[in-house]
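Undergrad: what follows is a protein structure lacking sequence information:
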């Protein structure tokens, strides 16, 4: 047997997969081990004084892949300790894989919800680096600070990103030229000189529907995180 631990290759996990993975199965299928492991990890981290331990926990999926966390916690109820830990790790993984796109959505959404913008704590301007750094800070705070505050910051972040996705979907639906990719921005309100083909219109509609569905899922996740924060304060989070 090798003396070195075998690291799993991180799975590819873009924004669409993030949205599809979130959520859980019937609570009856949840393993007691998921709850026990989540409470044990959270409890140990919150009482541990070594910052390198916290760093290893925050960076866990960088070394072992998101599937390792998913195997433990992805089937847990949404408003539960393993459920919210799964969502935070899934969100962090998605952001680190797609920082420019997530930053773009955040930029588009932040003016529409100033309260969530402030709560999330992303510096202005919300560059790729700031987005990644903020999410790492929030997850670190879940282990070292107030768990409910970390949950609410993640929820606020999800709300702002969802607003940005919805803004892109709106412009696509009405044929405006706001671009869904930060790499190739286009001037707004520049109508096409030719009527797009039926195939192009169908593709644009498909993208708009997917973006809006993703925004709705993120909004749902935000509500779940906020509900978990409220239960944590009452001492009733499973």
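TA: Great, that's in hand. Keep in mind that what you see is a predicted model, and the values were worked out from it rather than measured. Numbering: from 1, shown residues only.

Undergrad: which residue is the nearest non-sequential neighbour of residue 144?
TA: Using CB to CB, 6 or more residues apart in numbering and skipping the chain neighbours, the partner closest in space to residue 144 is residue 54 (6.0 Å). For the C-beta atoms, the positions are set from N, CA and C on the backbone; glycine is no exception.

Undergrad: what's the local residue count around that neighbour?
TA: Burial of residue 54 is recorded as 19 neighbouring residues (other CB atoms under 10 Å).

Undergrad: what helix or strand does it sit in?
TA: Here residue 54, judged by DSSP states H and E, is contained in helix 51-58.

Undergrad: what is the subsequent helix or strand relative to that helix?
TA: Using DSSP H and E, the next helix or strand after helix 51-58 towards the C-terminus is helix 60-64.

Undergrad: tell me which strands and helices that next one is in contact with?
TA: Contact partners of helix 60-64 among helices and strands, from 3 or more CB pairs under 8 Å, 6 or more residues apart in numbering; DSSP states H and E: helix 66-73, helix 81-97.

Undergrad: how far off centre is the shortest one?
TA: Helix 66-73 has its C-alpha centroid displaced from the chain centroid by 15 Å (CA atoms, centre = their mean, to the nearest Å).

Undergrad: mean confidence (pLDDT) on it, please.
TA: The average pLDDT for helix 66-73 rounds to 88.

Undergrad: likewise for the last one?
TA: Helix 81-97 shows an average pLDDT of 94 in the prediction.

Undergrad: other SSEs contacting that helix?
TA: helix 15-21, helix 32-47, helix 60-64, helix 66-73, helix 128-144, helix 147-173, helix 198-234.

Undergrad: can you name the next helix or strand after it?
TA: Downstream of helix 81-97 (by DSSP H and E), the next one is helix 99-109.

Undergrad: check which helices and strands that next one is in contact with.
TA: Checking 3+ CB pairs under 8 Å, 6+ apart, helix 99-109 ends up next to helix 128-144, helix 147-173.
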